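1. Just need the structure, nothing else, for what follows:
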Amino acid sequence: MKFTRCPLRYGKSCGPNRRDFLAASAALVGSSSMLGGCAHVWSKGSPSTRIRPHGPATTYVPVVRAAFVRRGYPYGNRWPGAVYDGEAARRKYTADLIEAAKAAGARLELRPKPIYEFEEADAWAAAAQAEAADGLVVMLLDRQRHSWYTATKAAETGIPTVIFSPVGTSFTTNTARLADRQGCLIYSGEDFSQGAFGVKMLVAGARMRRCRCLVLKGEKRFDETMADTGITLRYVPGTELIDLYRRLPTGDEVRAMAAEYAKKAQKINGPTRQDILNGAKFYFVASQMLETEQCDAITMDCLGTIGTSRNQVRDVSLPCLAWSRMNDDGIPAACEADTGAVAAHVITQYLFDRPGFQQDPVADTLHDAIIGAHCSCPTRLKGFDGPSEPFDIVHHHGMRDATPMVYWKKGQRITSFDVLPGDNTRPSKVLVHNGQVMGNVSVPPNGGCVISVRVRFDGGHDVLTFPGFHQVFFYGDHKKQLTEFCRLFKLARA
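-> Prediction:
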């Protein structure tokens with residue numbers, strides 16, 4: 001079978017059709033030889049098995065210390081009053097708290113008895129500081145005496161603190177004092193649903209601070225810490241990945257992954273079978289580098305290392321397909337060595353269990369919208385365990401390699417999130433917006449990146465000056481939760 005590159009991606013097909021691609025891939029898998037000395041490289045991955053990250057955030061179990069607070073004698077006439085069954089509430093919220101910690105992957109250290117006195121509050125807060133807990137949860141069952149004193153003491157430790165105040169345990173005069181405090185969140189209501197997400201925020205923030213990201217860029221090896229987030233950036237020359245890519249064979253797992261993409265794609269417009277194999281191979285090569293460097297996330301100066309216009313590396317694929325797959329698998333993978341996008345991917349994935357789409361914002365004054373455009377987009381936009389959105393397999397906008405061109409659901413509510421990294425002279429800042437997908441823009445006949453999604457954002461922003469670059473778009477209305485997370489971990493709004 002002869003495979004050729006199409007001069008134009010749309011129109012009459014001059015590349016492999018989907019049926020021929022699958023037949024050829026099946027024959028290749030069936031007839032491929034043993035991998036010999038490189039077999040260990042491919043043993044960890046297959047189309048149905050997700051590659052896992054290997055850094056400190058992956059194995060770390062965050063420690064969350066929690067305590068209930070109330071009087072040690074009957075409530076009487078003072079709020080919450082004798083009508084409130086404090087012991088029944090404690091049993092209920094204990095079960096809720098344990099379940100939330102289990103779901104979030106935290107080690108919960110719950111004080112066996114409630115805090116009954118001021119001195120006990122002081123001792124509990126001091127012990128949490130001494131043992132460097134990752135987060136504190138204060139469960140109020142009272143409004144009187146030392147209750148809000150304990151909440152304040154917890155917030156003053158500097159440890160991220162979630163305060164849960166069921167109805168009957170606070171007035172606004174209580175909550176107002178801590179409402180705007182950085183590093184602290186208050187949730188008040190009849191059930192623990194917000195408090196449960198607060199526990200997840202504590203876990204996500206603890207993992208973020210231990211995350212190590214492989215940055216394939218430059219000519220030197222070194223580590224540095226991203227300001228305010230705690231993310232470690234491990235810089236490694238991109239040429240090391242190129243050398244590894246060239247040394248390793250195209251194994252059975254690579255062929256199987258390529259065949260899987262061809263099977264799932266609605267159509268293949270342009271890329272040859274070899275293009276898709278090359279993209280799948282990049283995934284496994286990058287995975288080995290994650291393991292070697294013990295990292296949780298990855299980014300690469302792809303255009304500078306592989307795809308510069310004047311000196312393109314043609315025998316190594318751009319990472320578009322590989323990054324799409326890694327983000328689908330829950331491994332933050334950012335384009336163009338953008339460390340702010342790394343942080344946005346990390347926070348989005350750790351908090352919401354779904355991948356995001358890093359994109360270049362394009363003003364669309366005709367529709368009063370922003371077109372988010374890039375050549376790498378995850379397919380599991382609804383969540384890591386959800387189904388893929390429909391996609392075609394197409395060329396990168398440079399008319400090379402292969403990438404899934406994902407169709408975003410029209411009418412879907414989304415969140416846009418951007419992290420602007422700080423340094424020793426200025427703090428990191430974040431940008432958060434909500435909007436709605438209007439549709440997908442066809443490229444070609446339009447120019448630019450092949451995944452182009454049109455979004456109208458809330459709030460009447462001037463699209464010509466829409467703030468940020470490489471913002472991460474992801475499914476769902478999560479502006480409020482992201483804003484709260486940023487306050488809990490002291491990331492300032494831009």
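2. in this protein, which helix or strand is least confident?
-> Within the chain, no helix or strand scores below helix 39-42, which has a mean of 34 by mean pLDDT, DSSP states H and E.
3. from memory P467 sits against L431, does it?
-> Yes - at 5.4 Å, P467 and L431 qualify as touching, with contact defined as Cβ atoms under 8 Å. For the C-beta atoms, the positions are set from N, CA and C on the backbone; glycine is no exception.
4. Look up the residues that both of the two are in contact with.
-> Contact criterion Cβ atoms under 8 Å, 6 or more residues apart in numbering; residues shared by P467 and L431: 418, 494.
5. And those two? Which one has more around it.
-> L431 (19 against 15; other Cβ atoms under 10 Å).
6. Make sure I have this right: that one is in a helix.
-> No - looking at L431 with DSSP: H, G, I helix; E, B strand; the rest coil, it is strand, so not inside a helix.
7. quick one: contacts for it?
-> L431 neighbours (Cβ under 8 Å, 6+ apart): 416-418, 420, 467-468, 471, 493-494.
8. Name the nearest of those residues relative to N77.
-> R493 (42.6 Å; Cβ to Cβ).
9. Next, the nearest residue to R71 once chain neighbours are set aside: phi, psi?
-> The shortest distance from R71 to any non-neighbouring residue, by Cβ to Cβ, 6 or more residues apart in numbering, is to D142 (5.5 Å). The phi/psi pair for D142 (degrees, to the nearest 10) reads phi -160, psi 160.
10. Okay, buried residues for stretch 212-226 please.
-> Within stretch 212-226, the residues scored as buried using 16 or more other Cβ atoms under 10 Å are 212-218, 226.
11. Among those, which ones are in strands?
-> Among the buried residues of stretch 212-226, the members falling in strands (DSSP state E) are 212-216.
12. what's the closest of the residues you listed to G238?
-> Nearest member of those to G238, counting by Cβ to Cβ, is L216, at 4.1 Å.
13. Just to check, that closest one is in contact with T305?
-> Yes - the pair L216 / T305 is scored as a contact, 6.8 Å apart, by Cβ under 8 Å.
14. any common contacting residues for these two?
-> Counting by Cβ under 8 Å, 6+ apart, the shared contacts of L216 and T305 are 238, 241.
15. what bits of the stretch 201-350 of the chain have low per-residue confidence?
-> Low-confidence segments of the stretch 201-350 of the chain, defined by pLDDT under 70: 307-311.
16. Helices of the stretch 201-350 of the chain, residue ranges please.
-> For the stretch 201-350 of the chain, the helices defined by DSSP state H, counting those that start in this stretch cover 238-247, 252-264, 273-293, 302-305, 320-328, 339-352.
17. for the stretch 1-150 of the chain, same thing?
-> Under DSSP H, counting those that start in this stretch, the stretch 1-150 of the chain gives helices at 18-31, 39-42, 56-59, 86-104, 118-130, 147-156.
18. Which positions in the fifth one come out as buried?
-> By neighbour count on 16+ other Cβ under 10 Å, the buried set for helix 118-130 is 120-121, 124-125, 128.
19. and which of those residues is nearest S317?
-> A128 (48.6 Å).
20. Single out the most deeply packed of the helices of the stretch 1-150 of the chain.
-> Each of the helices of the stretch 1-150 of the chain was scored by mean neighbour count; the highest is helix 147-156, a mean of 22, by mean count of other Cβ atoms under 10 Å.
21. What average pLDDT does it get?
-> Mean pLDDT, computed over helix 147-156, is 98.
22. I'd like the distance from it to the chain centre, please.
-> The chain centroid and the centroid of helix 147-156 are separated by 31 Å under Cα atoms, centre = their mean, to the nearest Å.
23. what's downstream of that helix, the next helix or strand?
-> Remark: after helix 147-156, the chain's next helix or strand is strand 161-166, criterion DSSP states H and E.
24. CA atoms of the helix or strand that that following strand is followed by as PDB?
-> Using DSSP H and E, the helix or strand that follows strand 161-166 in sequence is helix 172-175. Provided in PDB are the C-alpha atoms of helix 172-175 (Å, rounded to 0.1, in the frame of the first residue of the first chain):
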ATOM      1  CA  THR A 172     -22.100  36.900  59.500                       C
ATOM      2  CA  THR A 173     -20.400  38.800  62.300                       C
ATOM      3  CA  ASN A 174     -18.400  35.700  62.900                       C
ATOM      4  CA  THR A 175     -17.600  34.800  59.300                       C
END
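25. circling back: out of the helices of the stretch 201-350 of the chain, which is closest to V138?
-> Going by Cβ to Cβ, the one of the helices of the stretch 201-350 of the chain nearest V138 is helix 339-352, 21.3 Å.
26. which other helices and strands contact that closest one?
-> Secondary-structure packing of helix 339-352 (3 or more Cβ pairs under 8 Å, 6 or more residues apart in numbering; DSSP states H and E): helix 193-210, strand 212-216, strand 297-300, strand 333-335, strand 357-358, strand 413-420, strand 472-475, helix 479-488.
27. neighbouring strands for the fourth one, and are they parallel or not?
-> Think strand 333-335. Here strand 333-335 is paired, per DSSP bridges, with strand 297-300 (parallel).
28. List the neighbours of the strand it pairs with that are in contact with it.
-> 53, 55, 211-217, 231, 238, 241, 286, 289-290, 319, 323, 326, 331-339, 341-342, 345-346.
29. and the nearest residue to H146 once chain neighbours are set aside, what does it touch?
-> Excluding its sequence neighbours, the residue lying closest to H146 (Cβ to Cβ, 6+ apart) is F118, at 4.6 Å. By Cβ under 8 Å, 6+ apart, the contact set of F118 is 145-146, 149.
30. okay if I get these as a markdown table plus distance to T365?
-> Below are the contacts of F118 laid out as a markdown table (distance: Cβ to Cβ, whole Å):
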| residue | distance to T365 |
| --- | --- |
| R145 | 60 |
| H146 | 58 |
| Y149 | 55 |
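31. follow-up on the earlier one: wait, which of the helices of the stretch 201-350 of the chain is closest to K200?
-> When the helices of the stretch 201-350 of the chain are ranked by proximity to K200 (Cβ to Cβ), helix 339-352 comes first, at 6.8 Å.
32. Just the CA atoms of that closest one, as PDB, please.
-> What follows is helix 339-352, C-alpha atoms only, in PDB (Å, rounded to 0.1, in the frame of the first residue of the first chain):
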ATOM      1  CA  THR A 339       5.700  27.200  32.800                       C
ATOM      2  CA  GLY A 340       2.500  29.100  33.500                       C
ATOM      3  CA  ALA A 341       0.600  26.600  31.300                       C
ATOM      4  CA  VAL A 342       2.300  23.900  33.300                       C
ATOM      5  CA  ALA A 343       0.800  25.300  36.500                       C
ATOM      6  CA  ALA A 344      -2.600  25.800  35.000                       C
ATOM      7  CA  HIS A 345      -2.600  22.100  33.700                       C
ATOM      8  CA  VAL A 346      -1.500  20.800  37.100                       C
ATOM      9  CA  ILE A 347      -4.100  22.700  39.100                       C
ATOM     10  CA  THR A 348      -6.900  21.900  36.600                       C
ATOM     11  CA  GLN A 349      -6.200  18.200  36.600                       C
ATOM     12  CA  TYR A 350      -5.600  17.900  40.300                       C
ATOM     13  CA  LEU A 351      -8.700  19.800  41.200                       C
ATOM     14  CA  PHE A 352     -11.200  18.700  38.600                       C
END
